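In: predicted structure and sequence below. I'll ask about it afterward.
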Amino acid sequence: MKRGKRVLENKKLVDKSKRYSIDEAIDILKSTKKAKFDETVELAILLGVDPKKSDQMVRGATTLPHGTGKKVRVLVFANGDKAKEALEAGADYVGEDDLIEKISNGFMDFDLVISTPDLMKKIGKLGKILGVKGLMPNPKVGTVTNDVAKVVSEAKKGRVQYKMDKNANIHSIVGKISFTKEQLKENILHLLTEIKRAKPQSAKGTYFKSVTLSTTMGVGVPLDTGEINSLK
């Protein structure tokens, strides 16, 4: 089936004037015509905060109960015992000056970067490279830490970072379409609850303005924000 025809058929399953429960949305995605690969399931969230105010920035990290279904390549800047701990925890690349040189020369074969605090000044020169990709280690999301083994382990199990962009949007993976309905729902609820917990105290009014669930090649399903805003 050609992609165009498949997309058109999938769109017929969604009433854009309706807002669906999480259960209904997952059922729709499960019933769509699938691509030839295991598609990623994602959440697109528009928050009711002012992105121009520094005290209303929403960002953080959490480990999904059932992981992301994606193999995460982890690079760690560390030396001595911390380097050994990172390797034992499953880090794909561990080093210091050697990795700084490789990245400076174009090496980008990784998905997450972690650093011990003592090396942050040294890797600051990579800010323009890693920053553009959203990969610069940051203490606010736990990627600048001395507990490198814990963060590496969490990343391998399904740790996701979420960060609001300049338009107050957050995009995050919540699993694969091959996951069971229960696994996807638990991952979705976990992430939404964590983002709600990160709500700035200064933010007023409706927090979750719109939330859409979709697959890589599939249709977007708008969720019922009333259900989501009432999450405990």
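Out: Looks like it arrived, so ask away.

In: can I get the strand or helix carrying residue 85 in CSV, CA atoms only?
Out: For residue 85, the element it lies in under DSSP states H and E is helix 80-89. Presented in CSV, the C-alpha positions along helix 80-89 are these (Å, rounded to 0.1, in the frame of the first residue of the first chain):
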residue,chain,number,x,y,z
GLY,A,80,39.3,7.5,36.8
ASP,A,81,36.8,5.5,38.9
LYS,A,82,33.8,7.4,37.4
ALA,A,83,34.8,6.3,33.9
LYS,A,84,35.0,2.7,35.1
GLU,A,85,31.6,3.0,36.7
ALA,A,86,30.1,4.4,33.5
LEU,A,87,31.5,1.6,31.4
GLU,A,88,30.3,-1.0,33.9
ALA,A,89,26.8,0.5,33.7
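
In: contact partners of whichever helix or strand comes after that helix?
Out: Read in the C-terminal direction, the helix or strand following helix 80-89 is strand 93-95, with elements assigned using DSSP H and E. Residues external to strand 93-95 that are found in contact with it (Cβ atoms under 8 Å, 6 or more residues apart in numbering): 73, 74, 75, 76, 77, 78, 83, 86, 87, 99, 110. (Glycine included, C-beta is placed from N, CA and C.)

In: name the helices or strands packed onto the helix or strand just after strand 93-95?
Out: Reading on from strand 93-95 to the C-terminus, the next helix or strand found by DSSP H and E is helix 97-104. Secondary-structure packing of helix 97-104 (3 or more Cβ pairs under 8 Å, 6 or more residues apart in numbering; DSSP states H and E): strand 74-77, helix 120-123, helix 127-132.

In: list the buried residues in the longest helix seen in the chain.
Out: Ranked by number of residues, the top helix in the chain under DSSP state H is helix 181-197. Applying a neighbour-count criterion of 16 or more other Cβ atoms under 10 Å, one finds 183, 184, 185, 186, 187, 188, 190, 191, 192, 194, 195, 196 buried in helix 181-197.

In: turn those residues into TSV, columns for pLDDT.
Out: Compiled in TSV, these are given as follows (pLDDT from 0 to 100):
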residue	pLDDT
183	97
184	97
185	97
186	97
187	97
188	97
190	96
191	97
192	97
194	95
195	96
196	95
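
In: ok, of those residues, which one's closest to residue 118?
Out: Proximity of the buried residues of helix 181-197 to residue 118 (Cβ to Cβ) peaks at residue 194, which lies at 29.0 Å.

In: wait, residue 92 touches residue 99, no?
Out: No. In this structure, residue 92 sits apart from residue 99 without contact. The criterion is Cβ atoms under 8 Å, and the distance is 11.1 Å.

In: between these two, which one's more packed in?
Out: Neighbour count, other Cβ atoms under 10 Å: between residue 92 and residue 99, residue 99 has more, with 21 against 18.

In: ok, the more buried one - contacts?
Out: With contact taken as Cβ under 8 Å, 6+ apart, residue 99 is in contact with 75, 77, 93, 107.

In: got the contact list for the first one?
Out: Going by Cβ under 8 Å, 6+ apart, residue 75 touches 91, 92, 93, 94, 99, 110, 112, 113, 114.

In: before we move on, back to that, deepest of the helices and strands packed on helix 97-104, which one?
Out: When these are scored by mean count of other Cβ atoms under 10 Å, the highest mean neighbour count falls to strand 74-77 (a mean of 28).

In: note down every partner strand of it and its orientation.
Out: Based on DSSP bridges, the pairing partners of strand 74-77 within the sheet are strand 93-95 (parallel), strand 112-115 (parallel).

In: show me the domain layout of this protein.
Out: As given by the TED database, the domain ranges for the chain are 5-67+159-230, 74-157.
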